[in-house]
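Trainee: Pasting the sequence and the predicted model now:
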Amino acid sequence: MSDVRILLDFEGHRRDIAEYERHGGYQQLRKALAGEPGDVVAAVDSSGLRGRGGAGFPTGRKASFLPKDRKPAYLCVNADESEPGTFKDREIMLRNPHALIEGILAMSYGIGATSAFIYIRGEYRTEFEVLRSALEQAREQGYVGRNVLGSGYDATVVLHRGAGAYICGEETALLSSLEGERGQPRSKPPFPAVAGLYAAPTLVNNVETLASVPYILAMGGEAYAQIGTERSKGTRVFSLSGNVKRPGNYELPLTATLRDLIEGHGGGAPDGRTIKAIVPGGSSTPILTPDQIDTHLDYESIAEAGSMAGSGAIVVIDDRTCMVQLALRVAEFYRHESCGKCTPCREGTRWGVEIIRRIEMGEARQGELDLLLNVCDRILGKCLCPLGDAMAMPVASYVTKYREEFQRHIDEGGCPFVEKSPITGLYHDLELVR
Amino acid sequence: MNGEYAEANAETLAGARETRPELPAPLPVDDDPRPLYDRIQDVIALYPERKSAVIPALRLAQEQYGWLSEQAFDEVAEATGFTPAYCKSVASFYDMFRLHPVGRYEICVCTNISCALVGAADTVRAFERELGIHRGETTDDGLFTLKTVECYGGCGWGPVVSVNERYHEPFPAEQVPELVASLRADAEAGA
């Protein structure tokens, strides 16, 4: 079972529509249009597919929350992949763009959407160009546009580029941004299914989630549900990065372990190095220690290990790295991306960065580790969206699990790892270049 | 730089090259000769509500002028029907909108965790040395602006560098002099 691949089960790419069609492409759209819209959602529901963006919510159930027959209704595709460590949606768009488009069209029909919007992060310029060409091809073949394949169904797909803001990956912030505003999250309820884009019923799905739909329709929901574990079905594309010999995206069934991924596919740490820590689901997730490498990659197992499966991004950190520097880099990122709407996140991320910076520079007093944990605690669960938590959770886990290392910075009045940590150059010894 | 960690990084970078998918050739920049106002009207027509066109319109203006000047905001406001202040408030939220002019080549280095773990700091410092500026600055001749940016989504193929929004990955420090020299040559040739 360990080599089951669905989305990326081929070499090279299928950007050319004829190539995609040769492998059965757009047949599922044809079939879906010949049947009832509810059939698509029912198949996805029976597959057990869970959202591949980060939250892991069952996709079929999410789609079923949309009120029937309220028009207009929208499908929004979340292609704003920006959780640090995550680059799998990008590879799916580059190599298998038509699977995404077919999934969008089938799901749009399934929920009775009047239009679909693909919100792609602004930095993904090549990926935007690939999708634009793929959509043009799909339009020429009659899969997109008025009266698709003579079914009477009109499919409109608009490709919308973001402009650089991590928070727009959060679904309500994405909708604000798509409406032409600053990308600030909204309070839920109302959920997007009831009042989403332009206050209409809206389904927001991640790229990998929607690209899986044609394959689920082809094999049938029940067959898809045979892959994976009891509660985590199917395959998932894991993004592996950091200090490993062969970083990259690897599609694995959800029965695989971190060891299968990191050692089996990634080749383990570079020669002469050992693994010090593992980020299991993107930079916002609590860190795991090397003794947890046999943890399974399904949502439940990672939760039991004290973290989250998140966006499927595994970052391997080897023994050279200073955990304080790593915490600083993570905290700086979330401070930069905090939209400023909720006080605990806006102020807490700033305080987090300041305290960690003092620790790294050897300026922190005894007791500041507890102050840092206290700041994290005052953010957790107190904001509209998870961005504040995305700093608080990992930072608190670094301090808790590598406390001795943090303490050494305070006791020794500076960073003991300046010489060997690869992140050092961002914070120390800046040469005056003028 | 410390030879020991450059060596460990080299192994990772070689693996990254193997797993990175082949990218299509870049498409030429859209050189639609029509006035900005007209092109923005086309964008507005794509959306049920015209406010959705504000961000795409700002992008069109930035592509035309290189950055968002007062005049650019006025034109976007005029074309979309929103005030210049509204357009500015939106633009200032997003990292890719430039509220100040930049050099002819905007070089961005991702320094988020995955890139930082495999040598992004070395790449940044190599650019600083080669260009004689710090991150966040523009060379006196107006050719280069150097920035550090947050996660570019090239984590497995890092360090990621972009030049005028085109990704180069992986991009270790030793490739810096050659890139800078070729961009200088392009600029002299008027390319």
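Mentor: Sure, I can see it. Residues are numbered from 1 along each chain as shown, chains lettered A, B, ... in the order given.
Trainee: Quick one: residues contacting the nearest residue in space to A:Glu83 that is not next to it in sequence.
Mentor: Nearest residue to A:Glu83, sequence neighbours excluded (C-beta to C-beta, 6 or more residues apart in numbering or on different chains): A:Gly282, at 3.8 Å. Glycine gets a C-beta too; all of them are placed from N, C-alpha and C. Contact partners of A:Gly282, counting by C-beta atoms under 8 Å, 6 or more residues apart in numbering or on different chains, are A:Gly54, A:Glu83, A:Pro84, A:Gly85, A:Thr86, A:Gly310, A:Ser311, A:Gly312, A:Ala313.
Trainee: A:Gly282 - that's part of a helix, no?
Mentor: No: with DSSP: H, G, I helix; E, B strand; the rest coil as the criterion, A:Gly282 is coil rather than part of a helix.
Trainee: about what we covered before: kindly indicate which of the contacts of A:Gly282 lies nearest chain B.
Mentor: A:Pro84 (4.1 Å; C-beta to the nearest C-beta).
Trainee: quick one: that closest one from B:Arg166, how far?
Mentor: Separation of A:Pro84 from B:Arg166 (C-beta to C-beta, to the nearest Å) stands at 21 Å.
Trainee: cool, and A:Glu171?
Mentor: A:Glu171 is 29 Å from B:Arg166, where distance means C-beta to C-beta.
Trainee: neighbour count winner among the two?
Mentor: A:Glu171 (27 against 11; other C-beta atoms under 10 Å in any protein chain shown).
Trainee: out of everything not next to it in sequence, what's closest to the more buried one?
Mentor: Excluding the flanking residues, the one nearest A:Glu171 by C-beta to C-beta, 6+ apart is A:Val204, at 4.2 Å.
Trainee: That neighbour looks like it's in a strand, true?
Mentor: Yes: applying three-state DSSP, one finds A:Val204 inside a strand.
Trainee: for the record, mean pLDDT for the longest helix anywhere in chain B?
Mentor: Taking DSSP state H as the criterion, chain B has its longest helix at helix B:3-19. For helix B:3-19, mean pLDDT rounds to 86.
Trainee: helix or strand right after it?
Mentor: For helix B:3-19, the following helix or strand on the C-terminal side (DSSP states H and E) is helix B:36-44.
Trainee: Give me the buried stretch members for that next one, please.
Mentor: B:Leu36, B:Arg39, B:Ile40, B:Gln41, B:Val43, B:Ile44 (16 or more other C-beta atoms under 10 Å in any protein chain shown).
Trainee: From the residues you listed, list the ones also adjacent to chain A.
Mentor: Residues of those in contact with chain A (C-beta under 8 Å from any C-beta of the partner chain): none.
Trainee: Kindly present those as TSV, with separate columns for pLDDT and distance to A:Pro286.
Mentor: What follows is the buried residues of helix B:36-44, written out as TSV (pLDDT from 0 to 100; distance: C-beta to C-beta, whole Å):
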residue	pLDDT	distance to A:Pro286
B:Leu36	97	48
B:Arg39	97	47
B:Ile40	98	45
B:Gln41	98	49
B:Val43	97	42
B:Ile44	98	45
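Trainee: so is the closest residue to A:Ser307 other than its chain neighbours in a helix, a strand, or just coil?
Mentor: Leaving out its chain neighbours, the residue that sits closest to A:Ser307 by C-beta to C-beta, 6+ apart is A:Pro286, at 4.4 Å. Here A:Pro286 is coil, with the state taken from three-state DSSP.
Trainee: Please, which helix or strand holds A:Asp389?
Mentor: For A:Asp389, the element it lies in under DSSP H and E is helix A:387-401.
Trainee: go on, A:Arg246?
Mentor: Going by DSSP H and E, A:Arg246 is not in any helix or strand.
Trainee: show me what contacts it?
Mentor: For A:Arg246, counting by C-beta under 8 Å, 6+ apart, the contacting residues are A:Leu240, A:His265, A:Gly266, A:Gly267, B:Gly15, B:Ala16, B:Glu18, B:Thr19.
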